[in-house]
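A.B. asks: What follows is a predicted structure for the sequence shown.
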Amino acid sequence: MIQLQKYTWLIDTIRRAGKISFEEISERWERNKDLSDYRPLSRATFNRWKDAIFIQFGIIISCQRAGGYLYYIENLEDIDEDNLKKWMLDSFAVGNLIGENLSLKDRILVNQVPSARDYLAALLEAMKENRTVTITYCAFGKTKSYTFCIEPYCVKLFENRWYVLAHNVQYDDIRIYGLDRIEDLKVEDRTFKLPKDFSASDFFSSYYGIVTNMNINPERIVIRAYKDHIPYINSLPLHHSQKLLEDNGEYADFELYLVPTYDFVMRLLHVGAMIEVVSPVSLRKTMKGWISDMYNLYKND
């Protein structure tokens, strides 16, 4: 892990600088006491890391000779277009940044992702070799655990929880399992064949989060964000299909194309009266039902 941290530190240092000399890279490295122990970065080590970064991440660190031998990332667009690579590098960069500022530990607050610790590594190892996994699982709302075999297709992080999308061998069905509900996990020797046409991004493309329903088709949804919430929904879209239809300053209408699943409805309710569903009528009625139930909880106060 420490070597990966060094690589991501170098990538992030060059990304943030745009163009930077080796001397400045070495000086910044020397100031990072947790990784460098106050030792300068040698040219030979820098060249080894540069080669390893290309092999491991496909990131090309090039040198602009004119103007003072400045290093830069040649294929930045490859990072921006690869969501996983960008997320991973950004996560490591933030981790490195916090590591440099541990004296502020009482003033830096983070959310925990407890479900990642115990079983994520084992699942990823199983996915690499397409090995089946036996899990003991207790779903929320259930009092009894069940042990069964799954074929892990992909993992997804959503709202501080990790999930695995898998083929349940017993029921011959594709299902989602929360890693924080797994009580035991064993990687088996038996392998499986991942369907040739399976794409994790395509599978979830019509959904907001991890709740799926193959029996419901995606549909055009128009939501109206009122004045104070417009910049929030603009800067962090609810879904990749989100498009701005109109913004008159007082409100803005956005179009989305997805399946209106339970978690999407919960997300809309999360912001209360700052968002209104314009269409379809069926989703407005669903929202109205939830709002009515909420009102009934408080109407006697």
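C.D. replies: Thanks, I have it.
A.B. asks: Now do the same contact list for residue 72.
C.D. replies: Under the criterion of CB atoms under 8 Å, 6 or more residues apart in numbering, the contact partners of residue 72 comprise 14, 18, 19, 20, 61, 62, 63, 64. Just so you know, the C-beta spots here come from the backbone N, C-alpha and C atoms, and that holds for glycine as well.
A.B. asks: Residue 132: neighbour count?
C.D. replies: A count of neighbours around residue 132, defined by other CB atoms under 10 Å, yields 19.
A.B. asks: wait, it sits on residue 188?
C.D. replies: Yes: using CB atoms under 8 Å, residue 132 makes contact with residue 188 at a distance of 4.6 Å.
A.B. asks: Need the residues touching each of the two.
C.D. replies: Between them, residue 132 and residue 188 share the contacting residues residue 149, judged by CB under 8 Å, 6+ apart.
A.B. asks: Validate this expectation: residue 143 resides in a strand.
C.D. replies: No: when the secondary structure is assigned by DSSP: H, G, I helix; E, B strand; the rest coil, residue 143 falls in coil instead of a strand.
A.B. asks: Tell me the pLDDT of it.
C.D. replies: With respect to pLDDT, residue 143 scores 90.
A.B. asks: do the same with residue 70
C.D. replies: In this prediction, residue 70 has a pLDDT value of 95.
A.B. asks: quick one: it from residue 266, how far?
C.D. replies: 49 Å (CB to CB, to the nearest Å).
A.B. asks: Those two - which one has more neighbours?
C.D. replies: Just comparing residue 70 and residue 266: by other CB under 10 Å the higher neighbour count belongs to residue 70, 18 against 14.
A.B. asks: May I have the phi/psi pair for the nearest residue to the more buried one once chain neighbours are set aside?
C.D. replies: In space, not counting the residues next to it along the chain, residue 70 is nearest to residue 19; the distance is 4.0 Å by CB to CB, 6 or more residues apart in numbering. Note on residue 19: backbone dihedrals following degrees, to the nearest 10 are phi -140, psi 140.
A.B. asks: who touches stretch 251-259?
C.D. replies: Where contact means CB under 8 Å, 6+ apart, the residues beyond stretch 251-259 that reach it are 206-208, 212-213, 216-227, 230, 233-234, 238-239, 241-247, 264, 278.
A.B. asks: Residue 195: neighbour count?
C.D. replies: Other residues near residue 195 number 11, with proximity taken as other CB under 10 Å.
A.B. asks: when you give positions from now on, start the count at 877
C.D. replies: Happy to do that; since the first residue is 877 now, the last one works out to residue 1071.
A.B. asks: Show me where the protein has its strands.
C.D. replies: Taking DSSP state E to define them, one finds strands in the chain at 896-897, 937-940, 946-949, 1007-1013, 1022-1034, 1037-1044, 1049-1054, 1058-1067, 1095-1102, 1119-1123, 1127-1134, 1151-1155.
A.B. asks: Pull up the pairing partners for the fourth one, direction included.
C.D. replies: Strand 1007-1013 has the following sheet partners, assigned by DSSP bridges: strand 1022-1034 (antiparallel), strand 1058-1067 (antiparallel).
A.B. asks: tilt between the longest one and strand 1049-1054?
C.D. replies: With axes from the mean of the first three to the mean of the last three CA atoms, to 10 degrees defining the directions, strand 1022-1034 sits at 70 degrees from strand 1049-1054.
A.B. asks: remind me which residues of the stretch 927-1076 of the chain are low pLDDT?
C.D. replies: Low-confidence segments of the stretch 927-1076 of the chain (pLDDT under 70): 972, 976, 978, 990-993.
A.B. asks: before we move on, the earlier item: could you rank the contacts of residue 948 by neighbour count and give me the top one?
C.D. replies: Each of the contacts of residue 948 was scored for neighbours by other CB under 10 Å, and residue 890 scores highest at 22 neighbours.
A.B. asks: need the contact list for that one.
C.D. replies: 896, 901, 937, 947, 948, 949.
A.B. asks: out of the residues you listed, who's nearest residue 1055?
C.D. replies: Minimum distance to residue 1055 across these is 33.2 Å, recorded for residue 949 (CB to CB).
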